[in-house]
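Pasting the sequence and the predicted coordinates here, then a few questions.
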Amino acid sequence: MLVRENTGLIVVDIQGKLVRLVHDSDVLISNCEKLIKGANALELPIILLEQNPQKLGRTTTKLSALLEDIDPITKFTFNACETPDFIDFAKTKNVDTWLICGIEAHICVYQTASGLIEHEFNVELVSDCISSRTLSNKQLAITRLLNSGVGITGLEMCLYELVKDCRVPEFKQILELIR
């Protein structure tokens, strides 16, 4: 079970023209928007990654507006864990479990999640908040990550798991996101 006090969110490369090329891009952006709003409501630490933004562009506007206070970590390796700024920053957050959303599922999301496992973090892939250019590549990433010890969750599942109780003040915010 996810616990608010030791869970964070990593947003992987939802940027530039690439975000429009992935399978069901509008659904991806909408779900990631809800996930980020939920993480903000629950005061989870958030790390924003951007792959070579000079070439691919910045985080899509709809999401970057929700992440204004977060400086993106620029990376050039597909596995963010090979970027020293990222892994050092992730270790400072007092988090042992990272939720991951982003693109492309079979490249940067897959490699970063695998790298986090190697660094002894728990990882939960938010399956309806990831995508690739093809659905088959998304499914391949989920299968490979599941077999490597990454947990699979969904948008609603993880938010309700983190809220735990309908009496907490954040419940109404989460409920509004999901409706």
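Good, I have the coordinates.

got the contact list for the closest residue to Thr59 other than its chain neighbours?
Excluding the flanking residues, the one nearest Thr59 by Cβ to Cβ, 6 or more residues apart in numbering is Gln15, at 4.9 Å. C-betas here are computed from N, CA, C, even on glycine. Residues near Gln15 by Cβ atoms under 8 Å, 6 or more residues apart in numbering: Glu50, Gln51, Pro53, Leu56, Gly57, Arg58, Thr59, Thr60.

Please pick the buried ones from those residues.
Among the contacts of Gln15, those classed as buried by 16 or more other Cβ atoms under 10 Å are Glu50, Gln51, Pro53, Thr59, Thr60.

Using a markdown table, please lay out the contacts of Gln15 together with secondary structure, pLDDT and distance to Tyr160.
Converted to a markdown table, those look like this (DSSP: H, G, I helix; E, B strand; the rest coil; pLDDT from 0 to 100; distance: Cβ to Cβ, whole Å):
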| residue | secondary structure | pLDDT | distance to Tyr160 |
| --- | --- | --- | --- |
| Glu50 | strand | 97 | 29 |
| Gln51 | strand | 96 | 31 |
| Pro53 | helix | 93 | 33 |
| Leu56 | helix | 93 | 33 |
| Gly57 | coil | 92 | 33 |
| Arg58 | coil | 95 | 31 |
| Thr59 | strand | 95 | 26 |
| Thr60 | coil | 94 | 26 |
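
Report the separation between Ser148 and Ile142.
Shown here: Ser148 relative to Ile142, a distance of 11 Å by Cβ to Cβ, to the nearest Å.

who's more crowded, these two?
More crowded of Ser148 and Ile142, by other Cβ atoms under 10 Å: Ile142, with 19 against 13.

Which elements pack onto the strand or helix carrying the more buried one?
Using DSSP states H and E, Ile142 falls within helix 135-147. Packed against helix 135-147 by the contact rule (3 or more Cβ pairs under 8 Å, 6 or more residues apart in numbering; DSSP states H and E) you find helix 110-118, strand 122-131, strand 151-153.
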